[in-house]
Every structure is written in structure tokens, then in C-alpha cells.
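Participant: give me a 3D structure for the following:
(chains A, B, C and D)
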4 protein chains.
Amino acid sequence: MSPLHGRLARHGTSGPGAPGRKGHRTLEGDDVTTRAWQEAAIAAMPDGVADFFAGGAGREVTVADNELAWARVRLRPRVLRDVSSVETHTTVLGTPVGLPVLVAPVAYQRLLHEDGEAATAAGAARAGSLMVVPTRSSVPIEEVASATGGPWWLQTYVLRDRSLTVDLVQRAASCGCRALVLTGDTPYVATKPRDRANGFAPPSGMVAGNARDGAEQDPSIDLQTIGWLAAIAGLPVVVKGVLRADDALECLDAGAAGIVVSNHGGRQLDGAVASADALAEVVDAVAGHAEVYVDGGLRSGTDVLKALALGARAVLVGRPVAGALAAGGAAGVERLVAELGDELREAMALTGAVSLGSLTPDLVAKAPQ
Amino acid sequence: MSPLHGRLARHGTSGPGAPGRKGHRTLEGDDVTTRAWQEAAIAAMPDGVADFFAGGAGREVTVADNELAWARVRLRPRVLRDVSSVETHTTVLGTPVGLPVLVAPVAYQRLLHEDGEAATAAGAARAGSLMVVPTRSSVPIEEVASATGGPWWLQTYVLRDRSLTVDLVQRAASCGCRALVLTGDTPYVATKPRDRANGFAPPSGMVAGNARDGAEQDPSIDLQTIGWLAAIAGLPVVVKGVLRADDALECLDAGAAGIVVSNHGGRQLDGAVASADALAEVVDAVAGHAEVYVDGGLRSGTDVLKALALGARAVLVGRPVAGALAAGGAAGVERLVAELGDELREAMALTGAVSLGSLTPDLVAKAPQ
Amino acid sequence: MSPLHGRLARHGTSGPGAPGRKGHRTLEGDDVTTRAWQEAAIAAMPDGVADFFAGGAGREVTVADNELAWARVRLRPRVLRDVSSVETHTTVLGTPVGLPVLVAPVAYQRLLHEDGEAATAAGAARAGSLMVVPTRSSVPIEEVASATGGPWWLQTYVLRDRSLTVDLVQRAASCGCRALVLTGDTPYVATKPRDRANGFAPPSGMVAGNARDGAEQDPSIDLQTIGWLAAIAGLPVVVKGVLRADDALECLDAGAAGIVVSNHGGRQLDGAVASADALAEVVDAVAGHAEVYVDGGLRSGTDVLKALALGARAVLVGRPVAGALAAGGAAGVERLVAELGDELREAMALTGAVSLGSLTPDLVAKAPQ
Amino acid sequence: MSPLHGRLARHGTSGPGAPGRKGHRTLEGDDVTTRAWQEAAIAAMPDGVADFFAGGAGREVTVADNELAWARVRLRPRVLRDVSSVETHTTVLGTPVGLPVLVAPVAYQRLLHEDGEAATAAGAARAGSLMVVPTRSSVPIEEVASATGGPWWLQTYVLRDRSLTVDLVQRAASCGCRALVLTGDTPYVATKPRDRANGFAPPSGMVAGNARDGAEQDPSIDLQTIGWLAAIAGLPVVVKGVLRADDALECLDAGAAGIVVSNHGGRQLDGAVASADALAEVVDAVAGHAEVYVDGGLRSGTDVLKALALGARAVLVGRPVAGALAAGGAAGVERLVAELGDELREAMALTGAVSLGSLTPDLVAKAPQ
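Facilitator: Take a look at the predicted model:
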């Protein structure tokens, strides 16, 4: 049974007269769209927590623009192709995944659900995805690793106290981590007006031994850090936060194995270009030399399809996962990722594409004004 | 008496002091604009039904963009031309019609009015239009054929059970159908959030023997299907759902007799380019080799004029017809189509064009931003 | 005393500490902006009348776009020029006027004020402007002519009963009319949804002997009509309603003495290009061969300056005059025109321009998006 | 300790777990964003005063566009640069300042706070900035000079009574003024609808002996005025209000030492191009021949960074300073300027720039539409 068939059976979209919804992944009822239930879960949390996850830097221009930028892309579908079988399996850095949707690193997930990153890891694995575990995981990474049956990467901040970083990445390597994702856009954590207005700070102990309370990032890291990290961990290093072709090339020259086009979901430099707008430039520069991923503002299967048509190998999704975790723990995360897969398969079929390899740039165009 | 004169006599727009409105096509009173009464009729229906007809896929980006795209086109009228006679007669695939406004296929019309597709067919014919009868007509196509005194085409889904399709198109050919309109953009029916939220599904039996409850489209159809259909029905085949020049050319190469530029009214791939934005590309490619029609977001005579100036042979109108059917049955449909004709004649006169052949691309321009 | 000095004395804008407002042209108090008091006067009228003057054709896209198009133009002022004297006198077709702001033809002005066009003519003349009297004046044109001490032109519709037109233009020539303004964009009066919804029609007798109740325009007029009109009246003919370079050139070839770039204030072909957007094309084509005027959406002195910088010889203002007439009769019209002159002089001074001849295209640019 | 470290210590943004806010510059509580507290202070003032400072000319198109134009600029940050030390010291006309944010001239500051310009001068100096004292200072300039420990310039209007201007600039030179800022865009004070509606005029005596109540600007000044002013004061002259490359070059030819790209905060010619949109043109023309500053709509550290990346040597900030003065006198002004410095350092670090010299044009791009 193809993945598409699975979707159709689940949601009854295979044709007129088919039963509405089977509900076997229902949480509080799936009579709302994918997007609504996660957003509702975030909105229902205490203000400080909701704002911490939903908010961004400055006036949140980039938070908003990230979503708008995907909406500015239009699709140019093909018709009358045989789409009876649609396939979303791929690999990222050689690791097989069931769909090109990875789980972005999100700090302090126990603020959202008591099982925190362990629940996210379990849900992501069950849906065929790969989780990027945050340095500031609120569950010890060993527990996250054992909770997931699937592959995972470690998002890495290089801390001023380098010994903390060395320890963490070596522990990660020991318990199955396949790659490090070095965050390049956060030499300092940006001021976020909502957090400042709320007086928000995560409770102590939230870093669960993976870092140390209040440990700061080292703002002196540079391109050489890529090679250093790879060496101490014995793992490939992906650099996250790149928005320019020249930076991408310099990262590859310095040893990066991949690039995540990202502005940290609008949480760092407000006014930074939307990741959808930066993607093509990076893809063009990197060409076939390294895999390029993208995050920021991706909210639907058609958004994912647009990213892949623009050259991304896979996308990372953050805030929707946070909402899904809050709404339903591991089951919520599994449901979210599975729905994105369903939506992607539907979008591919309606675009005339049967595999990720057939998602080519001619399928997208800039929306006219 | 010219068609324009007819309009003027009907609506009193022939000059100052002319009587306001004659009302012989009045339904509940025509003291509202053309657009308003249809929309009001749809809005007055039960939520599930109203949403089924008004809604679209995903976030309905394409539903909205279809209308906006026509509004983005500006007109560049000529002055001081003799427009005492304005003519809208034309042919589509050789069949004469009184105006270049066809009735788009809309499924399950008995949800809107007890007489369903039969009423639509009668109203369309009385107004000089041509109806495209849907595969999922809620009235047997033979009854639709006998209700109309005018020409009609059959919208065709190729179902997994091919015998159903063979039977339907051959029945259609037997009772006067002039062409098949193969829908190319619906290998699967897309998920529509409103229908999902409403738990909407059409009642059983609604396909009236033209299909079978729950019969699904065959997602494996491809370009060869065009020739197959033409052969089994002995009718020309128009492909609907094309948004690209290359697809249009491939369809013609595969035997298509015409192209409908369409994104299914935003009901299939959300984010697909607006049909108004795709039209010129398809017209340029197809040039004089085949007729090009367009649907999606056309709501007024000036919209129709824009489409024709951009090279369409005729337009198809869907949701407004659904609203008109709901508001007044056959008389409602007749009134809607006649009003669009009135508006088109007025727009032509004010553009300095006396015939459809004089609607040239220099009459339109992109709206400045 | 320069015109600018006059403004400064009137409104106290000559510098800090100057007295606020002298009020000698005050109506109900000028503690509101120029725009507000006219709009309030229109809004206070019975719905049918307010809508007749404020409304437009179709969805009023062009009504709105006319104003937006001026707002899309940005000014690029010069600094440190000697602007101690600013001059707005000019000529139109050789007739001196105090400022390049003419009064546009507006039908049935007795609906707005009991003195109708006679009051408008008097106010316009006192402010140094020139009035274009409408064919459908609600005051006999001889009375309008005697009420004004200033120059005037006659807006001309060619009616199906040509004898009415011959009679009117010859009467006009006899009582001092200096030119005819042939409306080229109205072979038929367009349907206006607001009027239709209101069942609005002007009361009988409102054409005051200048036309005949219900007399319709002749839709068969063409370019030859220009020469015919000029010959029967012995007056120069300006063509109003031109939006294209080719039309402008053809009108000049057919004998036109000038061009008004106009879309009839959005009251005829909805979706027609905004007059501000069409102006440059017409100016470029006509170059120094004929004077080009423009109307539509001009609401302030900076709008007037933009039009002149784009090459217009003068502008025509309609709806604001209608509001001013409703608010204060002749005094209202005088105040409005004088305020537009004040605003124009201020704008010129702040742009570094001391005469209309120094309003060059380099002073304007398209607003970035 | 680097300036950046100062920021981090003050606002606790140095990393997760760091204490929230130290509050030593708290006024009524800094649990609101920088922008909010100033705006609240202005909004709390009597209407006439609030409108005088917040309002602009005409329909305030340029007031709004000034802010929007900065928002239309997107940032293209670099990653993985060593930003452990970030430096904002620079010079303006050779005078050292702690950050490239100057205080714009704002008239009648005693309307905002009883200590008026003296408080602003003191606060600006404590934050390392340079104040431009207005001709219409409501505190004698000698008192302003003695209140500040820092450098200052004098904004200069040339009044009709030239002796007033000669006296003022020579007094300024005598008490430490380093340069004159000649306002080039105000031959007359523009009509401001809000002031007119409010009947607002500053109380008599508000010019504190620096000018004379009601003394008007001389509208006959021209480019030669630059040299005349420099000669009588023995000071360099910067021209403020320039929006075009040609004007900038002519000012330099006439002896200007610098240029402020400005439209007077939208208070003079409504519809004038936004200063952010005019900046690049002026910078390109002036190249390395003179320093270029810019004001208008700058509200955050990322806005400042954008201006510098586009080639400005420094920016001037007006309305936010007025709000800060109203909210907290000298301490308020100091806090505002310091916060802008904090924000600039954070933005630089997140852009990968360690000094003002590394803010290059490749860091900015136009926002896609």
C-alpha cells in the first residue's frame, strides 16, 4: 500500500462518497485543520510560555515574513501524469527517512509537555521523521535517544565553557547521534520583546544536565569551529542559520556537511530575509556539493513541496511540533508529522509529481502583485 | 434589435431619464447587484452545503487569488468608435453560442435546487449559453439533455472502474453531447478544510446513475487518456485544468481539441497560479492551433472582457451559476447568464469594441502597484 | 502681494507664531481639513443623491484606484531655491486662469444646491478658475454664463437627436463659451450599482432646457464628430476620456485642440486604468502639439503638483467641487478652489519650484513597494 | 568591558538563564519595549501637543512611509564570525561619539518637559551622543550648552530678519557649537492638518531669546546661504533636507560639509520620498567627499544598522527622543539613546559585524513583494 493510499484511507479524501474521517489518530477530534489544533494548544498555555514559543525578536517582522514568503510562491502543476503511486522516502546525509520533514530543535520542551523531548522523539520516529534534539533539551539526551526508535541529530551551541560542549557532543555520539547541527546565527540570544514584557525565563534545571543553567554561548566561534566540532565528535556537521550563498560556500570550505537555510524562525535578527527568499541563492551556490535544508514558516504540505521544488533536500518544522507536543505528547507529534506527509503526498499528486526527484524549479513561480 | 439594445431596454441604462429597471427577469427584486443575489443565496444555505460550493483547498489562497488576478488587470479603452451595435455571438468548437460565457461543471446541483442540473441546462440554453454537465450530475444526463434546448458538453472524470466511464460518455454521445471536457487536475479529490470541519459528504444516490456512489477517479490516467476518450465517445476532447504552456502543447499533441485554463476554482491544489495569470502563457503557446477557454474567479462582464482580450475564446462560470440556481432555478441561471451578457456588451461598448474579434491584448495592462 | 503671501495670510502657515486662521472664507468653521468638509456635505445628503455623486461603475475599482494612483507617486523636491515668490497663473487654450485647477463638468448640480451650476460658476470665477459647464446642467447655460464673470467651456454629449446638440453648442457659443469638451468615453451611461440599488433617477426637468429629459447619447459618434462639432460651434474641441497615446494622436489628427486624460471618475468603465497612470503615455505622445489636462482622484495641492510635473497643463476637479457646492454654494466652491491653490503654492515652494514651468518630470518618482 | 557586554549586563540577554532585567535605568518600569514607553508618553500629553510632535503635513503619507521604508529593507546577515567584541564608536565631522545615533532638532521641547532642551542635551551627552539644538529651542542655547557635557550642533533657520540669525549662530559658536545644520526644506512651515484642527500654536516666549516670537524663515535663501552661514559663524555647515543626488552635489559645491538625507519627518512636503528610499542615491553621488546622515522613521537598532549599511555615517532620531524626554527628562533621553545603542550592538553581532566599518551594502536587500 502506497503512502498516498494510506492518507486516503485515513482521511477519506480518495473520492466523493468516501467516509469522512477514520479518526484513528484523533486527539480532541480532528474536525479542525492541522494548523488549528496546534495553534490552539500553544495559545492555551500560560502567557509567558506561549509567547516564548510563538514570539520572535524585535517587531517580529521576520516571524511574519517567513510564512508570507512561502505564500508568495505559486505552484505550476502538471496535469495528466500517472500519479497512482507517490513516494516520499528519501535520505538525509545518507540516513533514510520516510518523508522530507524533520523536527527542528526547540529548547525546553518540558515546558510544553511533561515528557518533553522524549515524547517528541518517539512521535517523530513513529511518523518516519528524524528529530534534531536541542542542546537545551529538558530531558537528558540519553533518555531522548532511548525514547526514539529512529535516527536523530544534535543541535549544538558552542558554550563559553567549551568542556560542556565537548562533553555533550561526545555523549551524543556515544548514544547514536548521526550528525551535529551547529547553530551559526546565535552568538548571543536576541532580545525578545514578549519575553522581556513577561519577565520570562525558563525555570532552573531545565537544561537537564545537557548544559548548565545560565551557560552562555561563545560569541567568538567562527568558521573554524565547524572542523573542531566534527573532530571532537567524529560526526558530520551541518550549519544552521545560513542566509547567503557566500556564507554557505565558506561553511562547506570549512568542512560543513550540509546547510540549513534559516533565520532561527525570526527569533534572532529581526528584519532578516525570509528563509524562503534566501533558499534559491544558497541552493544555486551549493549545487550538488552538499545537502541544503530549510526551516521557517513552513506550515503545510504545499509549503514543503515549494521548498523541495526550490532545491531543499528536506525541511525542518519547529513551532507546529511544539504545538503538537503540547496538544498530545508523542501522539500529537506523530499526528502532525503524518498529516504533513499526507498533505505533501496530496500536493505531489496534484502537481503531477510521483517522487521527490521530480520536484523541479519549474513547478514554482513568484506570485504576481 | 441588437443584444446591446436588449440590455438597455431591460435595465434602463441606455441614458439618463430612461426608466430604471423593467424587472421582467426579476426574482426577489433586482435592486441588488448581479453578484449580491447569488452570493446571498449560497450564504443562506446550510453551512455544509454553502461551504462545499464556496470553499476550496488548503487555506483557499487560490480561491481568493483567482478573483484578485482579474482585478489586477486594467483596461485601456478606446474612445469615439461607433458602438451603436455590439455583437457577442461566437462559436465554441464550431457550435454557435449567443455569448462567450459557458456554464462550468458543478457537481451535485440538486443540493442547490430540486431540479438540479436540468434547471441549469434550461436556464443556460434560454440565455444562449452552453452548459458543461458534470460527471457527478445529480440528474441523469438524459434528463439534462432533454431539459435543454441548447448545446452541451460533458465534463468527464475517468473512474477506476472504466466501464462506468465508457458507459457514461457513450450515453452522452447518444443524447446530443457535442464534446467531452476531461478534468486533468483531479487525480484525487483534494482535502477541503471546510468540508472536513463540517463532516460534509453528499448524500448517497446523488450521482443519479451517471457514476456510482463512492466511485473514485483513476489517478493513473495520463496524456494517452485523451485519445482513448475521444475514440470511445466519438467526440472531441477538451482538457480542463491546464496552467502551463508545455502541458497545453502536450495535450494538443495527444489529441485534445481545446484547453480550459483552470485550477478547478481553487478546489484542488492550493497555491496554484491564478487562472488569469496563466492564461497568456497558454494562449501564446497554442496560438491558432486550438481554442483556449478559462475559468476561475470571473464575476463580471469586465472580467469576461479581460479574459477575451487576453486570448480566451470563451469563459466558464461556476460558483455564480450555483448561486443563481439556488436563488431562482432555471430562471435564476438564465438571469445570471443574461446579466453577464449585458455587462459584457456594456463593457465592450465602453472599450470601443463592437465584436469579440476586436478584443485584442492592447486593451489590457497589468495594474501598477 | 504674491498668491503665496495670500495663502499665508489666510491660513497662518507663514511661520511659527503666526495667527492660526483668519476665517474670512469660513463656512461652518474651517477647523477641519479641506477634504473633510466637502466629504461631510456629500455624506449628509439623501442616500440616493450622495451615492449618485460619490459612486461609480461596477465594483468601483477605478474610483478607488484614481486616488491611489496619485498617492503612488512620490515627490523629489529641491532644496535651497529662492521661493519667495511662487506663481500659478497660466493659460488654457490661450485663456488666462489664476491657477491650473479647472472645475470638471458635473451633471444636475441643483440636486446639490438650489443655485446649482450658477453658483459653481460664480465661485469658480471668483477663485480664478474656469468652469466646464455640463450638457446636463440643471440651470440654463445662459444663466450660468451670466452668473460667472470668468471664462467657461461646455462639456458636450452628442445626443441621438442631433438638433438638440446643434442648438446647445450654438447657444453656448453665443453666450461666451470658449471651447467644447467632447466626452468620448460615454457612448452609453454605464450601470452604477449604487444608483440601481437606490432606484435613483434625476427628477424630470432637471436638464433645464439644455437637453431633453431622457435624451440619450448617440453611440455611433466617432472621431469625425470632433470636426463636425468644431464646425457647427465655431469653437475649439477638447476630447475628454482619453487613456491611450494612440487615441490621443488620432483625436489630434481629427482636429482636437486638447485632450483630457480621464476615465470619467470611475463612473464608466470599471477597471479602466487610473488617469494618473495613463497621463505620462498621453503626454509623451502629444508632446508639444496640444495641451493635455487630467481629472480623476485629485484631492490636494500635492496631487495637482504631481499631475503638472507629469506634463498636464491643468487638472479638472469634480467630486470635491460637488461637495463644496453642497456645503456652501458659490462661497463653498470659491473656498475649495482657493484652498487647492493655496495648497499648490505651498507644495511648489516646498518643491523648490517658483512657476508652473519649473514643474518637471524629475520631481516625481514611483513609490517603492 | 565592551559596549556589547554593557548591554548584556543591563538587559540580561546574554544567554538563557541570565537574570531578566537589571532595571538600573528603569523609569516607570521597563517591562515594555523601547518603543512603547516613548509613544505612551507622547500619547498621554494634551491633544494639541501630542499632535504637534507626532503629526505631519497633508495626509501624513510621508510620516507613515518613512517607517515603512526601513521595514522594506531586509538584512542578509553573516554567520560564524567572531563577534565577542562589537564597537560602535565613530566620529561625525571629526568629533568622537559613542554611537552613530545623534539627537535630531525638535522645537519647543519645554512643551514636553519643564527642563526642555537642557534635559535632552544632558541625557544625550551621558549616552555618548551628540545633540542638534534647534533654532527654536525653548531654553537659551547658552543654558543648553552648559547643561551638556558633550558636543553639540545648532540647527539653523535663516530668518527674514537676518540679524537674529547672525546673532544666534555667533552666540552658538561662542559657547561651543561644533557645526551648523542648515534646514533646507522649510522655506515656509507647512500646513499640518492636526495643528489646524486643534488650533495649535506654541505659547509666546517659547523661543527663549534664540529667535523672536513669530519670526519667519526667509524663503529667499538659496545655495549661497551655505557659504554665508559658514563665514559668519566660522563653523562647518551641514545641509538637512536633501533627497536627491543632484541637490547633494550642489550643496557640496556651495561649501556644505555634510548632508542630512531627510524629509523633515514628513512634516513639510507630504508625498516626499521616504528618506530610506533616497539615501542610496545621495550616498552614491557624494561617495567619499562628505559625510551623509539620515533621519526619518528610524525606530530601532536594526533600522540604524540598515541606514549605516546603506552608507550613512550616522542617523538622527527625533520623535522617539521627544517621547523619551516627556517620559523621563534627561534620564529618559539617556535611556532611549542607550537602548538604541544596545539594539545596534545586538544587531551588529547578529549580522556578523564587529565595527561600523564592516556594515556594507551587501548586508541589505529590498524586501520581496
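
Participant: rest of the way, CA atoms for contacts and neighbours
Facilitator: Will do.

Participant: report whether stretch A:263-280 contacts chain C.
Facilitator: No: using Cα under 8 Å from any Cα of the partner chain, stretch A:263-280 never reaches chain C; the gap is at least 15.9 Å.

Participant: wondering if that stretch reaches chain B at all.
Facilitator: No: applying Cα under 8 Å from any Cα, one finds stretch A:263-280 separated from chain B by no less than 14.8 Å.

Participant: that stretch: how far from the chain's middle?
Facilitator: 14 Å (Cα atoms, centre = their mean, to the nearest Å).

Participant: A:Val294 is in contact with A:Gly318, isn't it?
Facilitator: No: contact criterion Cα atoms under 8 Å: A:Val294 and A:Gly318 do not qualify, at 11.3 Å.

Participant: A:Leu154 belongs to a strand, doesn't it?
Facilitator: Yes: the assignment for A:Leu154 (DSSP: H, G, I helix; E, B strand; the rest coil) places it in a strand.

Participant: centre-most residue in chain A?
Facilitator: Central residue of chain A (Cα atoms, centre = their mean): A:Leu316, 2.1 Å from the mean position.

Participant: which ones are touching A:Gly116?
Facilitator: A:Tyr108, A:Gln109, A:Arg110, A:Ser138, A:Val139, A:Leu325, A:Gly329 (Cα atoms under 8 Å, 6 or more residues apart in numbering or on different chains).

Participant: show me the strands in the stretch 101-250 of chain A, by range?
Facilitator: Using DSSP state E, counting those that start in this stretch, the strands of the stretch 101-250 of chain A run over A:101-103, A:131-133, A:152-156, A:180-183, A:237-242.

Participant: check which element follows the longest helix that chain A contains along the chain.
Facilitator: Secondary structure of chain A per DSSP state H: the longest helix is helix A:319-351. Using DSSP states H and E, the next helix or strand after helix A:319-351 towards the C-terminus is strand A:364-366.

Participant: tell me what A:Val294 is bridged to.
Facilitator: A:Val294 has these beta-bridge partners by DSSP bridges: A:Val261, A:Val315.

Participant: and the gap between it and C:Arg345?
Facilitator: 55 Å (Cα to Cα, to the nearest Å).

Participant: quick one: pLDDT of A:Ala9?
Facilitator: At A:Ala9, the model reports a pLDDT of 31.

Participant: sorry, slip of the keys, the one I care about is A:Gly341.
Facilitator: 97.

Participant: from chain B, how far out is it?
Facilitator: In this view, A:Gly341 and chain B are 13 Å apart by Cα to the nearest Cα, to the nearest Å.

Participant: that residue contacts A:Gly301, correct?
Facilitator: Yes: under the criterion of Cα under 8 Å, A:Gly341 makes contact with A:Gly301 at 6.8 Å.

Participant: of those two, which one has the most company?
Facilitator: Ranked by neighbour count (other Cα atoms under 10 Å in any protein chain shown), A:Gly341 and A:Gly301 place A:Gly341 first, with 26 against 22.

Participant: dump the residue contacts of the more buried one.
Facilitator: Going by Cα under 8 Å, 6+ apart, A:Gly341 touches A:Thr88, A:Leu99, A:Val101, A:Gly301.

Participant: likewise A:Val337?
Facilitator: By Cα under 8 Å, 6+ apart, the residues touching A:Val337 are A:Val101, A:Ala124, A:Ala127, A:Ser129, A:Val321.

Participant: counting neighbours, what do you get for the fourth one?
Facilitator: Around A:Ser129 sit 26 other residues, with neighbours defined as other Cα under 10 Å.

Participant: now do the second one
Facilitator: Taking other Cα under 10 Å as the neighbour definition, A:Ala124 ends up with a count of 31.

Participant: what do you get for the third one?
Facilitator: Other residues near A:Ala127 number 22, with proximity taken as other Cα under 10 Å.

Participant: thinking it is in contact with A:Ala330, fair?
Facilitator: No: with contact defined as Cα under 8 Å, A:Ala127 does not reach A:Ala330; the gap is 10.2 Å.

Participant: just to revisit the earlier point, so what pLDDT did the residue nearest to the centre of chain A get?
Facilitator: Reported pLDDT for A:Leu316: 98.

Participant: tell me if I'm right that it and A:Leu99 touch.
Facilitator: No: A:Leu316 is beyond contact range of A:Leu99, at 11.2 Å (criterion: Cα under 8 Å).

Participant: mind listing what's buried in stretch A:315-324?
Facilitator: Buried residues in stretch A:315-324, defined by neighbour count with 16 or more other Cα atoms under 10 Å in any protein chain shown: A:Val315, A:Leu316, A:Val317, A:Gly318, A:Arg319, A:Pro320, A:Val321, A:Ala322, A:Gly323, A:Ala324.
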